[in-house]
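Enquirer: Got a predicted structure plus its sequence, pasted below:
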Amino acid sequence: MIYVYVLATIAAVVIVERTRSRRVKLAILAALALTLAIVPFVDRTDATFNVLADAGVFVMLALGLNIVVGYAGLLDLGYAAFFAIGAYAYGILASPQFGVHLPFWAILFIAAACAGLAGIVLGAPTLRLHGDYLAIVTLGFGEIVPQVFQNTQAVGGPNGIAALDVPSALGHSFGTAAVPYYFVTLGGIALVAWVARNLGRSRLGRAWMAIREDELAAKHMGIDTTRTKLAAFAIGASFSGLGGVIFAAKLGLVSPDLFQFQVSVLILSMLVLGGMGSLIGVVVGSLVLSLLNSALLPNINAVIASTLHVNVDLTNYHFLIYGVILVAIMLFRPEGFLPNRERRAELHAAAITETSS
Amino acid sequence: MHEFLAQLVNGISVGAIYALIALGYTMVYGIVELINFAHGDVYTFGSFVALTVLTALGVSGEVHGIALVIDVCLAILAAAVVCGVLGIAIERFAYRRLRNAPRLAPLITAIGVSFILENVMQLWQGPAQVSFPAVFANPSLALGPIAVTVKQLVVVLLAVGAMLALQYIVHNTRLGMAMRATAQDRDAASLVGIDVNRAIALAFLLGGALAGLAGFVSGVYYQSAWFFNGFSAGLKAFTAAVLGGIGNIAGAMLGGFLIGIIESFATWKLGGQWSNVTVFAILVIVLVVRPSGLLGTKPIVKV
Amino acid sequence: MAGCSSSNTTSAKTITIGIDLALSGGDASVGQSTLNGMLLAIEEANAKGLPGGWKLVPQQLDDAVQGVHNPEQGVANARTFISDPSVLAMLGPYNSNVAAAQIPVTNAAGLAQVSQSTVSDELTIGDAAKSLRRQNPTANNFFRVCTTVSRQGTALAQFATRQLHLRTAYIVDDNETYGLDLANAFERDFGADGGTVLGHDHLAKNTQDFKALLTKIAAAKPALVFYGGVTSTGGGLIRKQMFDTGLGSTPFLGGDGIPDIATVAGKDADGSYYTIAAPDAAHAASARTFIASYEARFKSPVGAYSANAYAAAQVVIAAIEKALATDASTMPTRAQVLANVAATDGLQTPIGSIGFDANGDVKEPVLSLYGFKNGQPVFISQLNLTK
């Protein structure tokens, strides 16, 4: 069923992207929201909504990274560091280990602020750097942050912090079911997507795009590139702080091995696969890769047995399959599933100048 | 003082391996501006090729005299050739079609190829660490106050030899010059009649061959190989290339040795768990002070 | 589909055993051989036949994402098992932090979970374990066939001081949950037993080069090197590189994570010591049969936790068989299987006789100590840990 839900959602957002009529768009979005809200009351399979809630966190993370990489063009290979900061904020502020038990909803704001601040602190020294040098410095931060958590016994070292508080809403505890988290991530995605969309169209958003296209020209046009870049780092990081809190609360645990380099790469792949800079593309890319990673690949034997009626053991081939899928998609759609319109135009322009030069 | 020198030797030995891998990153980046994430796995592939050849030659322990020379040369040759060809194949299959695509597209195929190679090696050699024959007798030699093992000497000599050979190829052969010209301006190079595809393939060939040599060297040095080794070795080597100034061949060597030495001293003074943190922290500081790396030239901003 | 995949392909009389392990990427080195141990036990049980013609079906899910074991995926897998009514019990996981994330969920669902290798004390003992079981505090559903790190730490510290008569140690761990906890337990007890700890270092992740660390250790001139960790995170390579750094004749001690150290270190494993949570006699006889059938079936050497995994699967299979023996006409309930697992006593396995205490740990634990000669394990002595 889970594949049906995700495919239907993807179909709906693609239609929204393609239609021009504002009224039709709103109607489809409303119908989608309503359906997503009703489904858990019809389908009672907890595992399905668990996968969807996990995917939802990744959609939020990808939307955050999209601001940094997609909008402002700053290649960030250490984004998981901010995710870790958000998650550890929940671990420290809502666990028996530290005896602090702040409510989940308050920590959401605190963690977003902490992660945003970390974005500024880590972003500031990198402002002079260009292109891949920036990428490698962010990669460095991405390696340093989880390693510091791992080496710090006060936050549990490699064991991390376990038995975190279970959030509650309106006096009801979330319990161990996945559905409440599913609703929280739906809300989170809606909020983050709305903010990202409005930012993209604002003065700040246009400044980001100007920097992405040509930093020197942007500077000469009077854009304060320092502040603009820092804003991208801070806002992108705060989104992942939010995601980190939901993630930690749902899991009831934080530990350093959850935030390795591979996670940064995974989120970046979601962006590139979906289409950088395009909100809808990013949502689609992150849904597809999450589903592939957390539902299809771990289950691949059973899925093949039930669809093709052959019994094969592909447990040893997960990496191979994942790698082949990444390569194949990129070779056939290098601009991603749903690239944003300006980007597509640029690609064509680039192709023209290249042939004419 | 004695321990200081011993740690310096440790650092130079492991740094030699990083340097060999870093050369591949830097050449490929210099010519196509691509972070070839699969390169670390090409290095591991080299270990396994060398191991296969040594096993086929019946080597399971120390070898002496002329047999040693023959066995080692065959293993190195096989590892270098296979990995060089593998490098070309990866470029042809996963990167060439994307040369004019958005910049991050080949980055993702590189990650994909890396996963594929890791899985193939896991299926080929098993998921556990594999023992590698101790080819060299390994007494400790005293060079003045410094104690060096034969293995360390071999590692460093092979690496330095390969780097000198590379310098010669890049600066004194026609193909090498074609490669440098392509790296500087691909369009102009193609206008003056340079076969750009061949020049790019050469960068992948040389990078792959050096990674293959590094694979042999690390197999002999650590007497083990593991399908997942390439991941973190690749990350460190890439860091080394950036530290030295990416695109700069001497910089990659310098960066490799520096990273090895920093790692050894961090382990010694701060503890093993801080070695990676120290490496990356120094990298960040160096880049903030010198944004184009130690030996890199300032990138030309086109207006 | 994630939830109902196996039930629609298998015929009516099948019972699924869920298996959650890290099976891809860097963790595959231990994951695959652990999985094989479980699969072997299930295959053998099916070949022997269960009451009423029932068949056992293993459903293995990988908890590694992008090549790293991942508690989030571990929970997702546990929920997949819970949502599938044909799953009556669960085996795994490999890592303690994956278990810490899974226990609240499997506990709420009343699904029996038997692990082969998660040794962190906090999973079963004390307030920490209670807070993991808070949804259903009266029913413990998590069991393990391995010994806790504190028991192993005590045994190894006493062996070092009382039998080997070594008074100074340098401790290294792999900075993973198992390794760090074991090293800390050893450090505490070695000091308590009159030994002096000269230093305690942690390894960096995914590295092959331990020479800098070993040079530093050699300068401290310890009488022994203690290693908290498993072979694949550095145990085998450290032992091998000790010979390059002048520590070749220094004894090397570790827990039950390094019995397969000789696959990497070869004859250099001589001078190393490790523990197994079983009496040697039982271990030697039933382990020999196990090792022979394992190697015949999978054409590869037994891994560090293959025998433990086989024993964990035996526990679950015995519990299911016991339920079927009373009534083979319908599928047993999860509650029946859980009750039978909890009541396990005197079950003969390759790692000795297994029974559980109220926490879910092995009763009357016995540890056997082994050394190496020519790269082959040699039994040294047995320690009874009931005090």
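Expert: Yep, that arrived.

Enquirer: Around chain C, pick out the residues from the stretch 51-200 of chain B.
Expert: By CB under 8 Å from any CB of the partner chain, the residues of the stretch 51-200 of chain B that approach chain C are B:115, B:118-119, B:122, B:126-129, B:131, B:138, B:140, B:149, B:151. (Each C-beta comes from the backbone N, C-alpha and C, glycine too.)

Enquirer: of those, buried ones?
Expert: Buried residues within these, defined by neighbour count using 16 or more other CB atoms under 10 Å in any protein chain shown: B:Phe115, B:Glu118, B:Asn119, B:Gln122, B:Gly126, B:Pro127, B:Ala128, B:Gln129, B:Ser131, B:Asn138, B:Thr149, B:Lys151.

Enquirer: So the fifth one is in contact with C:Ser300, correct?
Expert: To tie it back to what came earlier, the one meant is B:Gly126. Yes - counting by CB atoms under 8 Å, B:Gly126 touches C:Ser300, with 6.5 Å between them.

Enquirer: give me every residue that touches C:Ala157.
Expert: By CB atoms under 8 Å, 6 or more residues apart in numbering or on different chains, the contact set of C:Ala157 is C:Phe186, C:Arg188, C:Asp189, C:Phe190, C:Ala192, C:Asp193, C:Gly195.

Enquirer: what would those residues look like in a markdown table with secondary structure?
Expert: As requested, the contacts of C:Ala157 are arranged in a markdown table below (DSSP: H, G, I helix; E, B strand; the rest coil):
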| residue | secondary structure |
| --- | --- |
| C:Phe186 | helix |
| C:Arg188 | helix |
| C:Asp189 | helix |
| C:Phe190 | helix |
| C:Ala192 | helix |
| C:Asp193 | coil |
| C:Gly195 | coil |
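
Enquirer: ok, of those, which come out buried?
Expert: The neighbour-count test (16+ other CB under 10 Å) applied to those identifies C:Phe186, C:Asp189, C:Phe190, C:Gly195 as buried.

Enquirer: Quick check: the gap between the closest residue in space to the third one that isn't next to it in sequence and C:Gly229.
Expert: Leaving aside its chain neighbours, C:Phe190 sits nearest to C:Ala157 (4.1 Å; criterion: CB to CB, 6 or more residues apart in numbering or on different chains). Relative to C:Gly229, C:Ala157 is positioned 17 Å away (CB to CB, to the nearest Å).

Enquirer: sorry, back to before: check for me that the residue nearest to C:Phe190 belongs to a strand.
Expert: No - under three-state DSSP, C:Ala157 sits outside any strand and is assigned helix.

Enquirer: Could you check how far it is from C:Ala278?
Expert: C:Ala157 sits 20 Å away from C:Ala278 when distances are taken as CB to CB.

Enquirer: How about the residues of the stretch 201-303 of chain B by chain A?
Expert: Residues of the stretch 201-303 of chain B found near chain A (CB under 8 Å from any CB) are B:235, B:238-239, B:242, B:246, B:273-274, B:276-277, B:280-281, B:283-284, B:287-288, B:291-293, B:299, B:301, B:303.

Enquirer: Give me the buried subset of the residues you listed.
Expert: When neighbours are counted using 16+ other CB under 10 Å, these contain these buried positions: B:235, B:238-239, B:242, B:246, B:273-274, B:276-277, B:280-281, B:283-284, B:287-288, B:291-293.

Enquirer: average pLDDT for stretch B:202-217?
Expert: Averaging pLDDT along stretch B:202-217 yields 95.

Enquirer: Show me what the lowest-mean-pLDDT helix or strand in chain B pairs with in its sheet, parallel or antiparallel.
Expert: In chain B, no helix or strand scores lower on mean pLDDT, DSSP states H and E than strand B:140-143, which sits at a mean of 80. Taking DSSP bridges as the criterion, strand B:140-143 forms sheet pairs with strand B:146-149 (antiparallel).

Enquirer: Now the strand it pairs with: buried residues?
Expert: Neighbour counts over strand B:146-149 (16+ other CB under 10 Å) mark B:Ala147, B:Val148, B:Thr149 as buried.

Enquirer: now, among the residues you listed, which is nearest to chain A?
Expert: The shortest approach to chain A among the buried residues of strand B:146-149 belongs to B:Thr149, at 30.1 Å (CB to the nearest CB).

Enquirer: Quick one: residues contacting that closest one.
Expert: B:Asn138, B:Pro139, B:Ser140, B:Leu141, C:Asp244.

Enquirer: Domain-wise, how is the chain divided?
Expert: No chain in the question, so chain A it is. As assigned by automatic domain parsing, chain A contains the domains A:1-44, A:45-356.

Enquirer: if you could check chain C rather than the one you did, that'd help
Expert: If the domains of chain C are taken from automatic domain parsing, they occupy C:14-147+C:283-356, C:149-276+C:367-384, with pieces of a single domain joined by a plus sign.

Enquirer: Stretch C:332-340 near chain A at all?
Expert: No - counting by CB under 8 Å from any CB, chain A has no neighbours in stretch C:332-340; the shortest distance is 14.7 Å.

Enquirer: Off-centre distance for that stretch?
Expert: Mean C-alpha position of stretch C:332-340 versus that of the full chain (CA atoms, centre = their mean, to the nearest Å) differs by 23 Å.

Enquirer: what pLDDT, on average, does that stretch get?
Expert: Per-residue pLDDT over stretch C:332-340 has a mean of 95.

Enquirer: Which strands and helices lie in contact with the stretch of helix or strand A:Gly142 belongs to?
Expert: Under the criterion DSSP states H and E, the helix or strand holding A:Gly142 is helix A:131-151. Helix A:131-151 makes packing contacts with helix A:80-93, helix A:261-274, helix B:229-244, helix B:275-289 when contacts are defined by 3 or more CB pairs under 8 Å, 6 or more residues apart in numbering or on different chains; DSSP states H and E.

Enquirer: will you turn those helices into JSON lines that also has mean pLDDT and distance to C:Ala112?
Expert: Output for the helices and strands packed on helix A:131-151, formatted as JSON lines (pLDDT from 0 to 100; distance: least, CB to CB, whole Å):
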{"stretch": "helix A:80-93", "mean pLDDT": "95", "distance to C:Ala112": "29"}
{"stretch": "helix A:261-274", "mean pLDDT": "90", "distance to C:Ala112": "32"}
{"stretch": "helix B:229-244", "mean pLDDT": "90", "distance to C:Ala112": "36"}
{"stretch": "helix B:275-289", "mean pLDDT": "89", "distance to C:Ala112": "40"}
